[in-house]
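Student: I would like the atomic coordinates for the input below:
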Amino acid sequence: MYIPSAFEMKDRADVFAAIVAHPFAALVTTAGGRIDVTHLPMWLEQETGVLYGHVARANPHWRTLERADDVAVVFTGAHGYISPGWYTDPALVPTWNYVSVTVHGKATLLDNPTDARLIVTRLSAQHEAGFPNPWTLDKVPEPKLAALLRAIVAFRIDPTRIDAKAKLGQNRDTADIAGAIAGLRATTTPSASALADAMARSAPRK
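Tutor: Numbering: from 1, shown residues only. Predicted coordinates for the structure are as follows:
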C-alpha cells in the first residue's frame, strides 16, 4: 500500500480499533497465477493481532488459502468524497479521504466443528453486543447447528505485516480541515458523519 508518512497509522491500538469498527473485509489471495476475493466479516484477537473468519464450504476459495502465495485482508474504514468547495481556496481539486488497513499473513484452516462453532460464537457476540436481547448460538437446535457448521470452513490469519493508512486531510491547513468536516456534517449521511468524526479525531489540537 502506498502510504505517505503524513497518513501512516503507527499506533497499534488505532489500527486495531479501525479493524474492530469496520470488520467487514475483502479476503484476497494469489495462488498459481489466480486471484481470489471473498468478502466476509472477520474477528480480531486484539492481544495477538490474529484474524479469524469462515467461508462457505461451497466457496472454492478456502481450498487455496493455505497454499496461497500471498494472503491479504483489506478493511475499509470511514471514507468519502471531499469537495474543494469546502476549502478556503475552491481552486483546489477534489479528493477522497479514507481509512484503510491491509493485513498480510499466513492462513491456516481450522476445519473442524469445534473451531467453527467458536468463531461463529465470537463473530455473533461481537455484532449482537449492542442489541437489547442478543442472539446466541444456543438458540439453534443442536442437529441443525451441527449441519450448519459442517457447511462452513473456519480459518485464521497470522499477520506478517500490517499496512494502515488514514488519509484524513493531514496535509491541509486547519481552516481547510474544519471546512471539510463542516461540509461532511452538512450532508447528514451516516458515512459522511463517520468520516467527519474520523477527521475531527485526527485534526491537530489547538
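Student: where do the strands sit along the chain?
Tutor: 24-31, 34-41, 43-45, 50-56, 70-82, 95-110, 152-167 (DSSP state E).
Student: looking at these, which is closest to G183?
Tutor: strand 70-82 (7.7 Å; Cβ to Cβ). Bear in mind the C-beta positions are built from the backbone N, C-alpha and C, glycine included.
Student: The closest one - what's its average pLDDT?
Tutor: Averaging pLDDT along strand 70-82 gives 96.
Student: Y52: how many residues sit nearby?
Tutor: 18 (other Cβ atoms under 10 Å).
Student: Now do the same contact list for A72.
Tutor: Applying Cβ atoms under 8 Å, 6 or more residues apart in numbering, we find A72 in contact with L27, V28, T29, T102, V103, H104.
Student: let's go with 7 Å and repeat that
Tutor: If you count contacts by Cβ atoms under 7 Å, 6 or more residues apart in numbering, A72 has them with V28, T102, V103, H104.
Student: most neighbours, which of the residues you listed?
Tutor: Counting by other Cβ under 10 Å, top hit in the contacts of A72: V103 with 26 neighbours.
Student: Could you list which residues are in contact with that one?
Tutor: Counting by Cβ under 7 Å, 6+ apart, V103 makes contact with L51, A72, V73, I157, P159, I162.
Student: give me that answer again for 10 Å
Tutor: Residues in contact with V103 (Cβ atoms under 10 Å, 6 or more residues apart in numbering) are 15, 19, 25, 27, 42, 44, 49-51, 71-75, 157-164.
Student: Against L44, how distant is it?
Tutor: Using Cβ to Cβ, to the nearest Å, we find V103 at a distance of 9 Å from L44.
Student: The closest residue to A182 other than its chain neighbours and I119, how far apart?
Tutor: Using Cβ to Cβ, 6 or more residues apart in numbering and skipping the chain neighbours, the partner closest in space to A182 is W86 (6.9 Å). As for W86, its distance to I119 is 42 Å (criterion: Cβ to Cβ).
Student: now could you export just the CA positions of stretch 30-47 as PDB?
Tutor: Output of stretch 30-47 as PDB, limited to C-alpha atoms (Å, rounded to 0.1, in the frame of the first residue of the first chain):
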ATOM      1  CA  THR A  30      -3.000 -15.200  -5.100                       C
ATOM      2  CA  ALA A  31      -2.100 -18.800  -5.900                       C
ATOM      3  CA  GLY A  32      -0.900 -20.300  -9.200                       C
ATOM      4  CA  GLY A  33      -1.400 -17.000 -11.100                       C
ATOM      5  CA  ARG A  34      -5.100 -16.800  -9.900                       C
ATOM      6  CA  ILE A  35      -6.500 -14.000  -7.700                       C
ATOM      7  CA  ASP A  36      -9.500 -14.900  -5.500                       C
ATOM      8  CA  VAL A  37     -11.500 -12.400  -3.500                       C
ATOM      9  CA  THR A  38     -14.200 -13.200  -0.800                       C
ATOM     10  CA  HIS A  39     -16.000 -10.500   1.200                       C
ATOM     11  CA  LEU A  40     -16.700 -11.500   4.800                       C
ATOM     12  CA  PRO A  41     -16.600 -10.300   8.400                       C
ATOM     13  CA  MET A  42     -13.500 -11.000  10.500                       C
ATOM     14  CA  TRP A  43     -12.900 -11.300  14.200                       C
ATOM     15  CA  LEU A  44      -9.700  -9.800  15.600                       C
ATOM     16  CA  GLU A  45      -7.900 -11.200  18.600                       C
ATOM     17  CA  GLN A  46      -6.500  -8.000  19.900                       C
ATOM     18  CA  GLU A  47      -3.800  -9.500  22.100                       C
END
